[in-house]
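Engineer: The following comprises the amino acid sequence and a computationally predicted model.
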Amino acid sequence: MPIVWHKVREALKFTEDQMQWLRMIKDHIAGSFHLEMDDLDYTPFDAVGGRGRMYQLFGAEMNGVIEELNEVLVA
């Protein structure tokens with residue numbers, strides 16, 4: 001099951017920091033239709049810690065979150 005929707009379905013909550021990242025990713029995808037790992041090294045992500053901070057927040061699920069949001073937000 002996709003990571004983001006699994007958390008929603010199981011009534012688990014994202015932290016506020018995680019939600020901030022999810023909103024930034026959504027906004028980025030809305031403007032460019034895709035997020036790549038390298039995008040985390042640039043604005044607005046770099047101002048809040050870049051890919052290192054995202055990994056701290058999402059851990060091993062980080063790549064899955066990016067892939068999932070790329071898939072569902074573009075569809």
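Structural biologist: Yep, it's here.

Engineer: CA atoms only: put the longest helix seen in the chain into CSV for me.
Structural biologist: Longest helix in the chain, counting residues (DSSP state H): helix 16-32. Coordinates of the C-alpha atoms in helix 16-32 are reproduced here as CSV (Å, rounded to 0.1, in the frame of the first residue of the first chain):
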residue,chain,number,x,y,z
GLU,A,16,3.8,19.3,11.5
ASP,A,17,7.3,19.2,10.0
GLN,A,18,6.4,16.3,7.7
MET,A,19,3.2,18.1,6.7
GLN,A,20,5.3,21.2,5.8
TRP,A,21,7.5,19.0,3.5
LEU,A,22,4.5,17.3,1.9
ARG,A,23,3.0,20.8,1.1
MET,A,24,6.3,22.0,-0.4
ILE,A,25,6.5,18.9,-2.5
LYS,A,26,2.9,19.3,-3.6
ASP,A,27,3.5,22.9,-4.6
HIS,A,28,6.7,22.0,-6.5
ILE,A,29,5.0,19.2,-8.4
ALA,A,30,2.0,21.5,-9.2
GLY,A,31,4.5,23.9,-10.9
SER,A,32,6.9,21.4,-12.5
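
Engineer: how about the helix or strand following that helix: buried residues?
Structural biologist: Later in the chain than helix 16-32, the nearest helix or strand by DSSP states H and E is helix 50-58. Applying a neighbour-count criterion of 16 or more other C-beta atoms under 10 Å, the buried positions in helix 50-58 are 51, 53-54, 57-58. For the C-beta atoms, the positions are set from N, CA and C on the backbone; glycine is no exception.

Engineer: Show me what helix 50-58 packs onto, helices and strands only.
Structural biologist: On a contact count with 3 or more C-beta pairs under 8 Å, 6 or more residues apart in numbering; DSSP states H and E, helix 50-58 meets helix 16-32, helix 62-74.
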